[in-house]
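Engineer: One predicted model, sequence on top.
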2 protein chains.
Amino acid sequence: MLKVPKHQVAGHEAIGGNLGPLIDDSGRFYKPLQDGERGTKELAFYHSLSSDTRLPDRIRRFFPSFYGSQLLEASDGSGLRPHLVLQDLASNHLDPSILDVKMGSRTWYPEASDDYIQRCLDKDRTTTTVSLGFRISGLQIYGNKESGFWKPSRKDVRNFTVDNVRLVLRKFVSSNSPFDSNVTPDCCFAHSVYAGPAGILQQLLELKAWFEDQTIYHFSSSSLLILFDKESVWEGRTPFAEVKLIDFAHVEEGNGVIDHNFLGGLCSFIKFISEILTDLNESTTEARFAEPDKKCLCNAP
Amino acid sequence: MLKVPKHQVAGHEAIGGNLGPLIDDSGRFYKPLQDGERGTKELAFYHSLSSDTRLPDRIRRFFPSFYGSQLLEASDGSGLRPHLVLQDLASNHLDPSILDVKMGSRTWYPEASDDYIQRCLDKDRTTTTVSLGFRISGLQIYGNKESGFWKPSRKDVRNFTVDNVRLVLRKFVSSNSPFDSNVTPDCCFAHSVYAGPAGILQQLLELKAWFEDQTIYHFSSSSLLILFDKESVWEGRTPFAEVKLIDFAHVEEGNGVIDHNFLGGLCSFIKFISEILTDLNESTTEARFAEPDKKCLCNAP
């Protein structure tokens, strides 16, 4: 029984008669093949990824599992259409907070048409893509059982400034309400989600080391998907925080050159995450001196 | 007594009644202040650099020494004009081989006018700037006393492809003639110039570590200048190989964001240099097995 994904934060959605991805109960994600070259390219990329022995296992885990393609009834009622069968990344998570971060300071690839480049460039300049080397293209942040998810509209996300991005990356790991714009995020979960050997930062650094060396693929317009469950932190468990790479309709061959566009953006993103941890360490030290008996109450929702 | 620099490889030259930099015999380089904002910006940058305590000394050495500004007769006969008084980077070197590498996959800065951005973008797309994250904007490679320097024309340099760049970075550290396009560069000096604790690669890695962290400056359209003397290698001395940062007419404030544009290009450039060293190690190992008695004759010119 196929259904519309509950935790999709960016891209076309299979609602209101539109074409979009579907999921099943076994943890699979069915992404309709895009028209023309994009669909062919993404399918070819997943096939090449499965068979490419140059890809180390420690890097392979950053990509969704791929189970081939399948003809399925498209969600827009247009009939049978080939779908990529992928791992449903949200299915491992209970009420996941999710960030979709489109990487690179340009989202166009050099061989594209002038018209396509111009449209991408306009969007790159009016979002944080040019200034930060990445832009948030969608997100949801779990508040609690009553409030549910804070999920800003697409328009709001598109208008994110550098300061908004900085704030969102703090809200993402905070225990206080993501809905209230007057509340300063407490970054209570920053340590357990961003830091540590299984944390987001360590995963990003592993990806960075690979991008400094790999000349196989150039990932124009691909995203990092970042997921974690607040509930598991509240329950005192180590949060299952994941970084995944998604969206490969514009992957090009590297031809012996590293993907400096993705890498530059990744380094910029890493700097934002590192800064949150640095600020936290500094303020914790300050707090310890000022109020030595005060404890962090993050484990209580 | 001011004169035209002998070893300028890029930028406007003070010949034929044009405006360009001048040097003296004491090792100073007089760069005419560019008109309008560019000149003011570059001067302000050098002033801020001198006084900025956030700049570590290990990084400060990558910038030319700055001795203020001075009103001088401009080389185009237009009368008195303010000049930046800088260190003449070539004056420490005898017959230096020089590469001028303009860094970044875009040479425009986000606040520039649409017209300026379009012109830069056109050049970025037709050179290796977009594909490699850097482009060679000028070079000279010393052959020997008889042949002098190989210095391709500006037009030839502007038309460099990825393969040309790869070849030039090999020629730069080779003992055989840079003039002959049929000769495969022997990369005889690659180890002594690119590798080692004082080599080019190590200097680039130090710069990289700084760029991963610094959010003070964004260097649009700046260059790495790479210099070394072949003669000193032939004479059996450790070559004095230097990396310098130059051209700051478009430096912007970082505003808490790293210069991911420069950094991405720098990582790409580092990969090119690393690859030459890797290839060399592999071929040396192969050669040792094939012809164990053959020695490298690089010390003979």
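Structural biologist: Received, thanks.

Engineer: pLDDT value on the residue of the stretch 51-200 of chain A found nearest chain B, please?
Structural biologist: Closest to chain B within the stretch 51-200 of chain A is A:G133: 3.7 Å, counting by C-beta to the nearest C-beta. All C-beta spots, glycine's among them, are computed from the backbone N, C-alpha and C. For A:G133, the pLDDT comes out at 98.

Engineer: residues in chain A within reach of chain B, list them.
Structural biologist: On the criterion C-beta under 8 Å from any C-beta of the partner chain, chain B has as its neighbours in chain A the residues A:105-106, A:110, A:121, A:125, A:130-133, A:162, A:212-213, A:215, A:255-258, A:260-261, A:263-265, A:267-268, A:270-271.

Engineer: number of nearby residues for the residue in the stretch 151-300 of chain A positioned nearest to chain B?
Structural biologist: Distances from the stretch 151-300 of chain A to chain B, computed as C-beta to the nearest C-beta, single out A:G264 as the nearest residue at 2.9 Å. Burial of A:G264, expressed as a neighbour count using other C-beta atoms under 10 Å in any protein chain shown, amounts to 33.

Engineer: Over to A:R166?
Structural biologist: Neighbours of A:R166 under the rule other C-beta under 10 Å: 17.

Engineer: Would you mind listing the residues in contact with it?
Structural biologist: By C-beta atoms under 8 Å, 6 or more residues apart in numbering or on different chains, A:R166 lies in contact with A:F272.

Engineer: Work out for me the element it sits within.
Structural biologist: helix A:162-171 (DSSP states H and E).

Engineer: Three-state assignment for A:N261, please.
Structural biologist: Secondary structure assignment for A:N261 (DSSP: H, G, I helix; E, B strand; the rest coil): helix.

Engineer: Tell me the spatial nearest neighbour of it, not counting adjacent residues.
Structural biologist: A:G104 (4.3 Å; C-beta to C-beta, 6 or more residues apart in numbering or on different chains).

Engineer: From B:I200, how far out is that neighbour?
Structural biologist: In this structure, A:G104 and B:I200 are separated by 28 Å, where distance is defined by C-beta to C-beta, to the nearest Å.

Engineer: Have a look at those two and say which one is more surrounded.
Structural biologist: Legend: neighbour count by other C-beta under 10 Å for A:G104 and B:I200, higher for A:G104 (30 against 26).

Engineer: Just the strands from the stretch 101-250 of chain A, written as ranges.
Structural biologist: If DSSP state E, counting those that start in this stretch is used as the criterion, the strands of the stretch 101-250 of chain A fall at A:134-142, A:149-150, A:217-219, A:223-229, A:242-246.

Engineer: Reformat the ones you listed as JSON lines; add mean neighbour count and distance to A:R60.
Structural biologist: Converted to JSON lines, the strands of the stretch 101-250 of chain A look like this (neighbours: other C-beta atoms under 10 Å in any protein chain shown; distance: least, C-beta to C-beta, whole Å):
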{"stretch": "strand A:134-142", "mean neighbour count": "23", "distance to A:R60": "23"}
{"stretch": "strand A:149-150", "mean neighbour count": "18", "distance to A:R60": "30"}
{"stretch": "strand A:217-219", "mean neighbour count": "22", "distance to A:R60": "13"}
{"stretch": "strand A:223-229", "mean neighbour count": "24", "distance to A:R60": "16"}
{"stretch": "strand A:242-246", "mean neighbour count": "19", "distance to A:R60": "10"}
